[in-house]
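In: Sequence and predicted model, in that order:
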Amino acid sequence: MAERMFKVTFQPEGKSVFVSDGTTIYEAGGEAGIIFKSECGGHGICGSCVVNIMKGDYKQMGSEKFLPEEEINKDSVLACRANIKSDISVEIPISSRLFKLKILTKGIEYKLELNPDIKKIFVNVPKPSLEDQRSDIDRLIDSIKNHIKNPIIQLDVLKILPDKLRKGKFKITVVIEENEIIDIESEDQSDRNYGIAFDIGTTTVVGYLLDLKTGKQLAVSSRTNPQTSCGDDVITRINYANTKKDGLNNLQKQIVSCINDIIIELVNKANIDKKNVYKITTTGNTTMNHLFLGLDPINIAMNPYVGVVRFNMNVRSENLGVNINRYGKVCTMPNIAGFVGGDTVAVILASGMHKSKEIKFAIDIGTNGELVMGNKDRLISCSTAAGPAFEGARIVFGMRASNGAIDIVKIKKNEVEINTIENSKAIGICGTGLIDAVAELRKNGIINDSGKMLKKEELPEYIPDFLKERIVKNEKYGTSFILVDKNNTRTGKDILLTQKDVRETQLAKGAMYAGYNILKKILGIKDEDITEIFIAGAFGNYIRKTQAKCIGLLPDISTEKIKFIGNAAGAGAKMVLLTKELKQEACEISKNTEYIELTVRKDFQDEFMDAMYFPTCKTCT
């Protein structure tokens, strides 16, 4: 019996796809290229992917109890908990959509000596004769002996040698990686030598196209990581990989497809041929590295948190399905341990803290928070689960940094000033806006040291009326503050900062600050011993230093010591691509950086509880 297929139409786009009987609306959205908001990765427990059924039949799988209260008794379901049973038309409200993110592509600037491990040599090979009957490979090796000693060549490359030699009339271009001949071209193409560095983040993917002969950056392209459809964070994706049929394979295909799309955009921007791209370097956290390589990440999430591989991998591009030169190579940045991966290695490399005499501290605040502290004598690292709140997850009106997200909040003399990304009508609040909102309410006496948002009747008399009027009681989320009233939002709902959001912020910043204090304790140092704090990552690049210090996300030290270094992970990946000595340096960083598993330390819980409180900083007094 033939499998039944149904047409699913998504409004207001009018996009349609055909899917098999029993497919969820969430999965059909993925087929149509529509990514839903979903912190739980389609497991039906976060209540983010609400859709409205316009017509058609479906079978609910217990979504009612997870629906937002205001959606119950409407024609609304969670997309991930509704199986399609007929042709169906679905409306996706604004609040359920994942919009194009504000992606950081710029990173720290650096100087280096250009020496990529991919070289191209144009050679004139002596033609064979009855007097010179050496094999083709022997005469080629003899022709390049001044450039490479003891070369190796794979069988499939050797197979093309006779044809390339004769088509080029024995004038050919040889592509070399270290001591391996990886390609042969039957004309002078020695000036066409390109590579791409990728930063594979949990949320975003950025690619940089570089000319390996000049070191010049030719193009940049970025995308939302399509794996977000399977979960917002690494733990959810690890669960997806191990609980869904073909889960790991699906995640690997998604990231490779994303990388291939970026490659096409990059080469089109630069007007080059992708067959002249011979090398890719990638960096990412340990889980992203494993998923890209198709390695099972399950043990990263289980005590004692061990990955399959730590060192860098150098793999044929065609073995991963990456569409560059068929003999090209993909080199992954080495990991450190646990959840601290190649992106942290790249941050250390780009910042130069591994060469510093002074104590430095680097923090990459993303979906996960990675921390590194030390100098050339000793570097220690740890990871904290800070990102979910700062990425919008578990925040009532939270969202990622995309169109319509509140990213700045200021309380002035007679008004609450709000800025949104692209100056669009507000939809929700992203991480920088969350920090601002909490800090501003803290400074104005509405949130106390313990994180309690005071009710109207509890407020001191000096609180102005325009602020008091914004405080409301929310039965589900506790005392709340109206950031934007419903008349000025795109959703037609008030956007609130709730008591629940403040608690989530405390959990996130508490974990980060506890990690910071433990690293200090291990090194036996004080705040004043740290000469610089490097803040890396897209989120970190946009936060305001004084606000972060006010809530206790960053230590209350001199603001001049705090430096934003942008997408340092991407910068590190570019450095490794352009200079082969830095690839070895990255390996040394990976091997020598100590990793601390915070969850097994007896003092972590005490540090965490202390860090939950808001500090009394200078701006709050």
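Out: Looks like it arrived, so ask away.

In: what ranges of the stretch 351-500 of the chain fall below the confidence cut-off?
Out: The model of the stretch 351-500 of the chain has pLDDT under 70 over residues 367, 386-388, 391-393.

In: Please enumerate the strands of it.
Out: 359-365, 369-374, 379-384, 405-411, 416-420, 428-429, 471-474, 478-484, 495-498 (DSSP state E, counting those that start in this stretch).

In: and those, which is most packed in?
Out: Among these, the stretch with the highest mean neighbour count (mean count of other C-beta atoms under 10 Å) is strand 428-429, at a mean of 28. The C-beta positions use only the backbone N, C-alpha and C, and glycine is treated the same way.

In: Give the other helices and strands that that one contacts.
Out: Contacts defined by 3 or more C-beta pairs under 8 Å, 6 or more residues apart in numbering; DSSP states H and E place strand 428-429 against strand 405-411, strand 495-498.

In: what sits up against the last one?
Out: Contact partners of strand 495-498, identified using C-beta atoms under 8 Å, 6 or more residues apart in numbering, comprise 396-397, 406, 426-429, 434, 437-438, 441, 453, 472, 474, 477-484, 489.

In: cool, and stretch 120-131?
Out: Residues contacting stretch 120-131 (C-beta under 8 Å, 6+ apart): 132, 134, 136, 139-140, 142-144, 147, 165, 170-176, 188-193, 213.

In: In this structure, which residue is most central in space?
Out: G201 (2.0 Å; C-alpha atoms, centre = their mean).

In: That residue and G341 touch, don't they?
Out: No: judged on C-beta atoms under 8 Å, G201 makes no contact with G341 at a distance of 10.8 Å.

In: Which residues are in contact with each of those two?
Out: With C-beta under 8 Å, 6+ apart as the test, G201 and G341 both reach G284, N285, M288.

In: want to throw those residues into JSON lines with distance to K549, neighbour count and secondary structure?
Out: As requested, these are exported to JSON lines (distance: C-beta to C-beta, whole Å; neighbours: other C-beta atoms under 10 Å; DSSP: H, G, I helix; E, B strand; the rest coil):
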{"residue": "G284", "distance to K549": "29", "neighbour count": "27", "secondary structure": "coil"}
{"residue": "N285", "distance to K549": "26", "neighbour count": "29", "secondary structure": "coil"}
{"residue": "M288", "distance to K549": "30", "neighbour count": "28", "secondary structure": "helix"}
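
In: what's the closest of the residues you listed to T384?
Out: N285 (12.6 Å; C-beta to C-beta).

In: With distance to I543 added, can I get the strands of the stretch 351-500 of the chain in CSV?
Out: Below are the strands of the stretch 351-500 of the chain laid out as CSV (distance: least, C-beta to C-beta, whole Å):
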stretch, distance to I543
strand 359-365, 8
strand 369-374, 13
strand 379-384, 16
strand 405-411, 10
strand 416-420, 14
strand 428-429, 14
strand 471-474, 25
strand 478-484, 17
strand 495-498, 16
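
In: I'd like to know which of those is closest to G247.
Out: strand 379-384 (23.1 Å).

In: Compute the inter-axis angle for the closest one and strand 369-374.
Out: Interaxial angle of strand 379-384 relative to strand 369-374 (axes from the mean of the first three to the mean of the last three C-alpha atoms, to 10 degrees): 160 degrees.

In: Strand 359-365 and strand 379-384, what's the angle between them?
Out: Using the same axes, to 10 degrees: strand 379-384 against strand 359-365 is 30 degrees.

In: export strand 379-384 as CSV, just CAs?
Out: These are the backbone C-alpha positions of strand 379-384, laid out as CSV (Å, rounded to 0.1, in the frame of the first residue of the first chain):
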residue,chain,number,x,y,z
LEU,A,379,45.9,28.4,31.7
ILE,A,380,42.8,26.9,33.2
SER,A,381,39.3,26.7,31.7
CYS,A,382,35.7,25.8,32.6
SER,A,383,32.3,25.8,31.1
THR,A,384,28.9,27.0,32.6
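
In: partners of it in the sheet?
Out: Strand 379-384 pairs in its sheet with strand 369-374 (antiparallel), strand 594-595 (parallel), by DSSP bridges.

In: quick one: which of the ones you listed is nearest Y516?
Out: Between Y516 and the strands paired with strand 379-384, the tightest spacing by C-beta to C-beta is seen for strand 369-374, at 6.3 Å.

In: Residues contacting the closest one from elsewhere in the structure, which ones?
Out: By C-beta under 8 Å, 6+ apart, the residues outside strand 369-374 that reach it are 285, 339-340, 343-344, 347-348, 353, 359-364, 379-387, 511-512, 515-516, 519-520, 523, 530, 593.

In: mind running it again at 6 Å?
Out: With C-beta atoms under 6 Å, 6 or more residues apart in numbering as the test, strand 369-374 has contacts from 340, 344, 348, 361-364, 380-384, 386, 512, 515, 519.

In: returning to what we had before: and the helices and strands packed on strand 428-429 as a markdown table, adding distance to V157?
Out: As requested, the helices and strands packed on strand 428-429 are exported to a markdown table (distance: least, C-beta to C-beta, whole Å):
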| stretch | distance to V157 |
| --- | --- |
| strand 405-411 | 49 |
| strand 495-498 | 59 |
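
In: how about the contacts of strand 369-374, which pair is most distant?
Out: Most distant of those, by C-beta to C-beta, are I348 and A386, 19.1 Å apart.

In: Which of the helices and strands packed on strand 428-429 sits closest to N52?
Out: Here strand 495-498 is closest among these (C-beta to C-beta), at 20.7 Å.

In: Can you show me the CA trace of that closest one as CSV?
Out: C-alpha atoms of strand 495-498 as CSV (Å, rounded to 0.1, in the frame of the first residue of the first chain):
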residue,chain,number,x,y,z
ILE,A,495,6.2,42.8,26.7
LEU,A,496,7.1,42.2,30.3
LEU,A,497,10.2,41.7,32.4
THR,A,498,8.9,39.2,34.9
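
In: Burial check on the residue nearest to V309 when sequence neighbours are not counted, number of neighbours?
Out: Here the nearest residue to V309 in space, its sequence neighbours aside, is L295; by C-beta to C-beta, 6 or more residues apart in numbering that works out to 6.6 Å. By other C-beta atoms under 10 Å, the residues close to L295 number 19.
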